[in-house]
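Novice: structure for the following, please:
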Amino acid sequence: MNALITCLHRRVLPAALASLMSVSGLIGALAPIDVQAGSKDKTKAERLVERRGHIARDLDDELKAPKLKKPRWARDVGGVPTVQLLVKSDSPDAQMTSLRDEVKRQGGTVQVVHSVFKTLTVTLPASKVTALSRHADVKSISPNRETRSTASTVETILGANATGVRTYSSNTVYSGLDGTGVGIAILDSGVMKAHKSLANAAGVTRVKRNVTMLNTVTSDWGSPWGASISLQPGSAELAAYESQVAADSAVTQDPYGHGTHVASVAAGRGFYQTPDSTGVAPNANLYDVKVLNSLGIGNVSDALEGIYWVMYHAKEYNIRVMNISLAAQSTDSYDGDPLCDAVRVATAMGITVVVAAGNFGLNLAGKEVYGAIGAPGNEPSAITVGAVNFQATTARSDDKVTNFSSRGPTRSGWVDTATNTRWPDNVMKPDLVAPGNKVVGASATPATVGTTSRNSLAALVPALETAVPSPTAHAQRLMMLSGTSVAAPAVAGAAAVLLQANPGLTPPLIKAILQYTAQPLAGQNLLQQGAGHLNLEGAVRLAKALRTDLASVVQAGTIATGATLLASGKSMPTRSSTIGGQTFNWSRIAFVGGNHIATGDKLFTAYQPIWDPRITWVGGYVIRGTPQWWTGIGIPANTFPMFVYQDYLANIPLLSSGVLLADGLVGASSLLGKTGIFTLTPTLSAWLVSGSGTSLSQGLVLSEGLVLSEGLVLSEGLVLSEGLVLSEGLVLSEGLVLSEGLVLSETAATASGFKTSGALYGE
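Specialist: Numbers count the residues shown, from 1 in each chain. Predicted structure coming up:
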């Protein structure tokens, strides 16, 4: 039985104000606000029980009132309304035997068993969903939602060619950190391994594997895919599985073009031609995991299989970073959303997962929208990245967050069905921002020498290629893309460089380093830019100051809270950077616990339990993920994951003494007043640089009695998304459905034809 901590009391505002609640934790972070008369506080255990069997809101809506134009996960099969679902289990039985039997008993078909995530992809008569939700092993049920892509100058802007990272002795010869030896997995539309930008100095491709997950769900919904429940190393089942997903010799590995561009931003080696399109980690190894088709569309089930493939081979191939530049519709809480769950499990294994925030910063009326972070960008353990418009210059002084970049907080959540009360997660996002406007990168073509074919994106919008003075030589073509999906791989490349500099870093520590060293952009608040603009120069210096055995001692449980985190003979580096002649202070901001701000040298000079990647702390919940490994003769220890168990922890230390909390500095949330969650990041950073903040004299232990505030009412003029549904248009929780032609990401297919968004072209 999971260990449950006593619930931190959530306080309920009057109904008229409920839809305007801000991020919890930043207003009177350690003080409660009054409970509405007649409401009843519930323990955490009671809330967890209530959330069992949760049916996602978009699925519930379809069940109650079927639409004439059905989402892709609903159709009539033989005259019977049928849905394709992802069913999460919390049974101790990782094989989910009883649940699989129940699906069949209810007239459904189990199509894919995602054993490592304790999730099933099933088809089921719509009339049987409620009955299935009552099964004792069901934690949550979500539709198999559609996923879509969310769409050198980068080197110079980020300080990748600064002293201490890598330095160039000529236009093509450099020494220093470039991601060598670190694997980056790209979950996207494919990666063209023959592109010259993805080769090493000897001309040999750095794309080590191409695999495709596009066949995991059969088109007729009628029969299982055939994948084994458990893939034991060395087994015939594993060999058959690997043979089925292999796409290393495919002639066209990225027909859409998005994944190849993303891979080149993370790890392109493009200084052989003008313009120089070199990425952030130009010698990292790349692993192409195809989960989107030739139109940039996939589904959550395939994405889960892709994440599992990365997890399974992470230790074997040294895949330390995973980039996910795609999004799925989801109104589910991070704790119930299948994609978020998979990202959290991958993080628990030590993989740094970088995701795009989304391109929903403006609504159709051109107004700024807050709360439009999609899944898995709403997962607290992920590094969620927004986009910067670098104004076509390498100077950072004029950079600003793009209008299209999604703002936080996360408004996914869960509904107490007994009272019909919705509890949004309100996690602070994005974590930071990076270049994502008119970024030049590799353009995919078929691998056939001499081909003149364009990928789908470039064929649809020829200006994406023609706007770049690019050669037409095969495997050297370039294109320009914009979107947070272009910003995310810049951060993924940065993570690879940090891991080369210090292989002992853990995913949550990497996130904190990137945030703490970021540059706050003028005039932009915490929900627009997070901690600020990616600063690789500063991040590398901080990473080099820390001990290199951290990951191993954390895994072994041999490091104590507050133990030294500095490497022998090292001290905290200067907390400022100079890039392109501009000197700036680091932000000194790190988001912790979902909606708190931590600061101070102690975060990095003393060990903090939250740097354990198996721990996810959000508000009043601490979730621990524990990998279980395949064992046996000839199987290397702690290499191939069988399952990852998740449970809830109580009374554990989270932060050591000496860490500063900055929640109390920002005041009540007001958009017009620029306070609370709308505090300008440079303003807060300046306070932190001056030493402001509340010191934790005894450290922080999550236990009974700690009460967090839900925040106050947001000021007038704010457009707040209460939950994002990407398929068939943007849907807000109050029932407002925007036009059918709304573009969902970089591209979208609609009933009226193939549409493109402003994010694709850039600002």
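Novice: quick one: stretch 108-116 to chain centroid distance?
Specialist: 24 Å (CA atoms, centre = their mean, to the nearest Å).
Novice: typo on my end, it should be stretch 331-347
Specialist: 10 Å.
Novice: all the helices of the stretch 201-350 of the chain, in order from the start?
Specialist: Counting by DSSP state H, counting those that start in this stretch, the stretch 201-350 of the chain has helices at residues 236-245, 258-267, 300-317, 338-348.
Novice: just the ones you listed: most buried one?
Specialist: Stretch with highest mean neighbour count among these: helix 258-267 (a mean of 34; mean count of other CB atoms under 10 Å). To be clear about C-beta, it is placed using only N, CA and C from the backbone, and glycine gets the same treatment.
Novice: that helix packs against which elements?
Specialist: With contacts taken as 3 or more CB pairs under 8 Å, 6 or more residues apart in numbering; DSSP states H and E, helix 258-267 sits against strand 183-188, strand 285-290, strand 439-442, strand 478-481, helix 484-501.
Novice: tell me which of those sits nearest to residue 111.
Specialist: Of all the helices and strands packed on helix 258-267, strand 285-290 sits nearest to residue 111, with 18.8 Å by CB to CB.
Novice: kindly export that closest one (C-alpha atoms) in CSV.
Specialist: The C-alpha coordinates for strand 285-290 follow below in CSV (Å, rounded to 0.1, in the frame of the first residue of the first chain):
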residue,chain,number,x,y,z
ASN,A,285,25.0,11.1,-30.4
LEU,A,286,21.4,11.1,-31.7
TYR,A,287,18.7,8.5,-31.3
ASP,A,288,15.7,9.0,-33.6
VAL,A,289,12.4,7.8,-32.2
LYS,A,290,9.7,8.4,-34.7
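Novice: so which of the helices and strands packed on helix 258-267 gets nearest residue 346?
Specialist: strand 183-188 (9.4 Å).
Novice: what angle sits between that closest one and helix 484-501?
Specialist: Here strand 183-188 points in a direction 170 degrees away from that of helix 484-501 (axes from the mean of the first three to the mean of the last three CA atoms, to 10 degrees).
Novice: for strand 183-188, name the packing helices and strands.
Specialist: helix 258-267, strand 285-290, helix 300-317, strand 319-324, helix 484-501.
Novice: quick one on the thing from earlier: turn the helices of the stretch 201-350 of the chain into JSON lines, columns for distance to residue 278 and mean pLDDT.
Specialist: Formatted as JSON lines, the helices of the stretch 201-350 of the chain follow (distance: least, CB to CB, whole Å; pLDDT from 0 to 100):
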{"stretch": "helix 236-245", "distance to residue 278": "30", "mean pLDDT": "90"}
{"stretch": "helix 258-267", "distance to residue 278": "9", "mean pLDDT": "97"}
{"stretch": "helix 300-317", "distance to residue 278": "23", "mean pLDDT": "95"}
{"stretch": "helix 338-348", "distance to residue 278": "28", "mean pLDDT": "96"}
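Novice: which one, of those, ends up nearest to residue 577?
Specialist: With respect to residue 577, and counting by CB to CB, the nearest of the helices of the stretch 201-350 of the chain is helix 258-267 at 21.2 Å.
Novice: reformat the helices of the stretch 201-350 of the chain as TSV; add distance to residue 524.
Specialist: Putting those into TSV (distance: least, CB to CB, whole Å) gives the following:
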stretch	distance to residue 524
helix 236-245	42
helix 258-267	22
helix 300-317	30
helix 338-348	26
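Novice: just to check, residue 388 is in contact with residue 435?
Specialist: Yes. With contact defined as CB atoms under 8 Å, residue 388 reaches residue 435; the gap is 5.2 Å.
Novice: which residues are common contacts for the two?
Specialist: When contacts are counted by CB atoms under 8 Å, 6 or more residues apart in numbering, residue 388 and residue 435 are jointly contacted by residue 487.
Novice: which one of the two has more residues nearby?
Specialist: The residue with more neighbours, out of residue 388 and residue 435, is residue 388; 29 against 26, by other CB atoms under 10 Å.
Novice: and the angle from the helix or strand encompassing the more buried one to helix 338-348?
Specialist: Counting by DSSP states H and E, the element that carries residue 388 is strand 383-389. Here strand 383-389 runs at an angle of 110 degrees relative to helix 338-348 (the same axes, to 10 degrees).
Novice: and strand 383-389, how far out from the chain middle?
Specialist: That offset, for strand 383-389, works out to 11 Å (CA atoms, centre = their mean).
Novice: just the CA trace of that strand, in CSV.
Specialist: The C-alpha trace of strand 383-389 is given here as CSV (Å, rounded to 0.1, in the frame of the first residue of the first chain):
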residue,chain,number,x,y,z
ILE,A,383,12.2,21.1,-18.3
THR,A,384,9.5,23.1,-20.1
VAL,A,385,10.9,25.6,-22.6
GLY,A,386,9.3,28.7,-24.0
ALA,A,387,10.5,30.6,-27.1
VAL,A,388,12.7,33.8,-27.5
ASN,A,389,12.6,36.1,-30.5
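Novice: so who does the residue nearest the centre of the chain touch?
Specialist: The structure's the chain has its C-alpha centroid closest to residue 355; by CA atoms, centre = their mean the separation is 3.2 Å. Each residue near residue 355 by CB under 8 Å, 6+ apart is listed here: 323-325, 343, 376-377, 379, 382-385, 488.
Novice: since that was my last question, I'll sign off now.
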